[in-house]
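Trainee: show me how the following folds:
(one chain, ligands or ions: 1)
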Amino acid sequence: MDKKAHWEKVYSTKQLNEVSWYQPTPEVSLRFIEELTIPTEAAIIDIGGGDSLLADHLLEAGYTNISVLDISSAAIERAKKRLGDKAGRINWIVSDITEFKPERQYDFWHDRATFHFLTTDKDIQTYMEISQQAIRSGGKMLVGTFSENGPEKCSGLPVKQYSEESMSATIRRWFEKIKCIHTDHLTPFNTIQHFLFCSFRKAIA
Ligand SMILES: C[S@@+](CC[C@H](N)C(=O)[O-])C[C@H]1O[C@@H](n2cnc3c(N)ncnc32)[C@H](O)[C@@H]1O
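Mentor: Sure thing, here's the model as predicted:
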């Protein structure tokens, strides 16, 4: 099954809180957004946002320029349905991130648990080229992946685990590291997944 078909099936068969990555409040992401002092008018894009509640929380906090990208149209449709009238305040993009052609630049790029599904050097390189093109000079990026102690698979797919060193080495060609933290995610099945979250700033050209 190709990866788009995989994710369409996941979002057509499982409820919001029946997937391991579900979190009612994306606390780590929101804390980083506060610490990174992302202004409410910043252009934000959530990569592989799925039907995560980050968009809901950002709207609630007054953010006005939010885009959510996901490979699965079923995920985006679910998020739109949940948000109801508020869905019109978000720019929805259905695309594989490795085929994304950004038409504008973003001030803040958020990715929780999508980057680590890219396991080939080619896909990782493509992701980095697209992100550095899509993020403005001085813009910020937050990437959350499984850590070296995290699971080796998610949703039945292999993932690439990262240490602070390997993440920084992958991203440092275009971005300077701001901060990394290790954090535990409690899944709806009461298991713990070890994550690494790192923030970066794009060098000013
Ligand atoms: C583990 S889920 C995380 C969802 C969300 N970021 C969160 O934190 O709840 C991974 C998400 O990435 C999306 N995804 C996987 N591969 C992708 C790709 N190549 N391009 C865009 N989205 C992708 C999936 O559809 C899914 O919504």
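Trainee: beta partners for the closest residue to H110 other than its chain neighbours?
Mentor: Distances taken as CB to CB, 6 or more residues apart in numbering put D46 closest to H110, at 4.8 Å, once the chain neighbours are dropped. C-beta coordinates here come from the backbone N, C-alpha and C atoms, glycine included. With DSSP bridges applied, D46 shows beta-bridge pairing to V68, H110.
Trainee: what's the neighbour count on D46?
Mentor: Using other CB atoms under 10 Å, the number of residues around D46 comes to 27.
Trainee: that one and A55 touch, don't they?
Mentor: Yes: counting by CB atoms under 8 Å, D46 does reach A55; the two are 6.6 Å apart.
Trainee: next, show the common contact partners of these two.
Mentor: 66, 68 (CB atoms under 8 Å, 6 or more residues apart in numbering).
Trainee: before we move on, which element is the closest residue in space to W174 that isn't next to it in sequence in?
Mentor: With CB to CB, 6+ apart as the criterion, W174 has its nearest non-adjacent residue at 4.2 Å, and that residue is Q132. For Q132, the host element (DSSP states H and E) is helix 121-134.
Trainee: what's in contact with that helix?
Mentor: Contacts with helix 121-134, where a contact means CB under 8 Å, 6+ apart, come from 45, 97-98, 100, 102, 104-106, 109, 115, 118, 141, 160, 170-171, 173-175, 202.
Trainee: at 10 Å what do you get?
Mentor: Contacting residues not belonging to helix 121-134 are listed as 43, 45, 47, 67, 69, 96-106, 109, 111, 114-118, 120, 139, 141, 143, 160, 170-171, 173-175, 200, 202-203 [CB atoms under 10 Å, 6 or more residues apart in numbering].
Trainee: cool, stretch 6-13 as well?
Mentor: The list of residues contacting stretch 6-13 from outside it, by CB under 10 Å, 6+ apart, reads 1-2, 18-19, 48, 50-51, 70-79, 96, 117, 155-157.
Trainee: inside strands: which ones of those residues?
Mentor: Mapping those onto strands (DSSP state E) picks out 70, 157.
Trainee: looking at this, T64 is in a helix?
Mentor: No: according to DSSP: H, G, I helix; E, B strand; the rest coil, T64 belongs to no helix; its state is coil.
Trainee: follow-up on the earlier one: drop anything exposed from the contacts of helix 121-134.
Mentor: Buried members of the contacts of helix 121-134, counted by 16 or more other CB atoms under 10 Å: 43, 45, 47, 67, 69, 96-98, 100, 102, 106, 109, 111, 114-118, 139, 141, 143, 160, 170-171, 175, 200, 202.
Trainee: check the residues you listed one by one and keep those near the ligand.
Mentor: For the ligand, the contacts drawn from the buried ones among the contacts of helix 121-134 by CB under 6 Å from any ligand atom are 96-98, 114, 117.
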